[in-house]
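*Asks:* I need the structure of the sequence given here:
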Amino acid sequence: MENSSSNKQKTVLIIDDEPVICEMLSRYIGSLGYITHSANNCSELLLFLDKEIPDIIFLDIILPEIDGIKILKLLRRVDPDIQIVMISGISSDEIAISALKLGAFDYISKPLDLNRISEVLRGIEFTS
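*Replies:* Residues are numbered from 1 along each chain as shown. Next up is the predicted model:
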């Protein structure tokens, strides 16, 4: 019998209040063979989660309604198996360590390096 989970195309949700970041990441990650979706705020995230639980989330730390660390905590309760990658324009070791302790897979500073995005996705695939 075929293992459907290993052959399933993974879904990636990008949560960032900057539409240009969502668009750039969606195009790039989609070109790598993932199904991509985006949300620009917590309300859009909750609407998406009502329909589907993604395999991987790229989550901005600075969002208008609620910060990404609080969303990370919420997502860990929703589904502890979601691989969450924190992204931020603020480079802070303290925030990065906090996010990793709370279960984030990785932390990437902006401006986003597409090679780094690829490395992180390969790391997620390797550990899944």
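
*Asks:* So residue 73 is in contact with residue 102, correct?
*Replies:* Yes - with contacts counted by CB atoms under 8 Å, residue 73 reaches residue 102, the gap being 6.1 Å. For the C-beta atoms, the positions are set from N, CA and C on the backbone; glycine is no exception.

*Asks:* Which one of the two is surrounded by more residues?
*Replies:* Between residue 73 and residue 102, counting by other CB atoms under 10 Å, residue 102 is the more crowded of the two (15 against 11).

*Asks:* residues in contact with the closest residue in space to that one that isn't next to it in sequence?
*Replies:* Spatially, and ignoring its direct neighbours in sequence, residue 102 is nearest to residue 72 (5.3 Å; CB to CB, 6 or more residues apart in numbering). Listed by CB atoms under 8 Å, 6 or more residues apart in numbering, the contact set of residue 72 reads 59, 84, 86, 99, 102, 103, 104.

*Asks:* which element follows the helix or strand where the first one lies toward the C-terminus?
*Replies:* Right, the one you point to is residue 59. Assigned by DSSP states H and E, residue 59 falls within strand 56-60. Once strand 56-60 ends, the next helix or strand along the chain (criterion: DSSP H and E) is helix 68-78.

*Asks:* Okay, angle between that following helix and strand 56-60 too, please.
*Replies:* 160 degrees (axes from the mean of the first three to the mean of the last three CA atoms, to 10 degrees).

*Asks:* In helix 68-78, which residues are buried?
*Replies:* 68, 69, 71, 72, 75 (16 or more other CB atoms under 10 Å).

*Asks:* Same check on stretch 46-62?
*Replies:* Buried residues in stretch 46-62, counting neighbours by 16+ other CB under 10 Å, are found at 48, 49, 54, 55, 56, 57, 58, 59, 60, 61.
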